[in-house]
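Trainee: Sharing a model prediction with you, sequence too.
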Amino acid sequence: MSNPFISFAIKTVILLTVVFAIHLLVLNVLQLSLFENRIVLSYIVNLVLVIVIFGILYLLKEKYKSQLGFLFLAGSLLKFVVFFILFYPFYKLDNIITKLEFAAFFVPYVMGLIIESVSLSKWLNKLD
């Protein structure tokens with residue numbers, strides 16, 4: 001039987017890599033700059049946060065079974081704190097957050113949230 005955490009980490013790396021490539025392709029087709037708006041940092045930070053948060057929840061699944069939902073929300077709060085520390089000041093330098101800046105952070109955030117939510121719900125449903 002494979003470890004759900006390792007499986008999740010591999011799936012997450014693959015998914016975010018594919019989404020990153022698609023994101024760059026769209027920027028290229030639209031003839032926009034590919035590596036502005038801290039896009040690489042955003043994908044890396046979101047990838048690491050999703051895997052770490054999932055790993056922590058996985059480790060705590062037995063001991064804090066009834067509180068996992070709250071811990072998941074705490075992980076989401078952590079992601080927003082990281083956004084406001086690493087990205088927001090940079091995006092607000094000109095007092096405008098452009099659609100490209102928003103997408104650079106939000107696309108990997110949403111994809112990470114989706115895979116995290118789906119994966120967590122699958123193994124939480126297996127817990128009795």
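Mentor: On my side now, so go ahead. Numbers count the residues shown, from 1 in each chain.
Trainee: Return the set of buried residues in the longest helix along the chain.
Mentor: If you go by DSSP state H, the chain has its longest helix at helix 99-126. Using 16 or more other CB atoms under 10 Å as the test for burial, helix 99-126 gives 101, 103-105, 107-109, 111-112, 115-116, 119-120, 123. Using the backbone N, CA and C atoms, a C-beta is placed for each residue, glycine as well.
Trainee: And these, which is closest to residue 6?
Mentor: Here the nearest of those to residue 6, counting by CB to CB, is residue 119; it sits at 11.9 Å.
Trainee: residues in contact with the closest one?
Mentor: Contacts for residue 119 (CB atoms under 8 Å, 6 or more residues apart in numbering) come out as 4, 8, 11, 54.
Trainee: can we see that at 7 Å?
Mentor: Going by CB atoms under 7 Å, 6 or more residues apart in numbering, residue 119 touches 8, 54.
Trainee: Check the one 4 residues further on too.
Mentor: Residue 123 makes contact with residue 4 under the criterion CB under 7 Å, 6+ apart.
Trainee: ok, so what distance separates it from residue 69?
Mentor: Per CB to CB, to the nearest Å, residue 123 is found 14 Å from residue 69.
Trainee: so residue 97 is in which element?
Mentor: Using DSSP states H and E, residue 97 sits in no helix or strand.
Trainee: Quick check, pLDDT for it.
Mentor: You'll see residue 97 listed with a pLDDT of 87.
Trainee: do the same with the one 5 residues further on
Mentor: Note on residue 102: pLDDT of 90.
Trainee: Quick check: closest non-adjacent residue to it.
Mentor: Spatial nearest neighbour of residue 102, chain neighbours left out: residue 91 (7.9 Å); criterion: CB to CB, 6 or more residues apart in numbering.
Trainee: ok, now residue 79?
Mentor: In this structure, residue 79 finds its nearest non-sequential neighbour in residue 49, 5.4 Å apart by CB to CB, 6+ apart.
Trainee: For whichever helix or strand that neighbour is part of, buried residues please.
Mentor: For residue 49, the host element (DSSP H and E) is helix 39-60. Neighbour-count burial for helix 39-60 flags 39, 42-43, 45-47, 49-51, 53-54, 57-58 (criterion: 16+ other CB under 10 Å).
Trainee: I appreciate the help and will end here.
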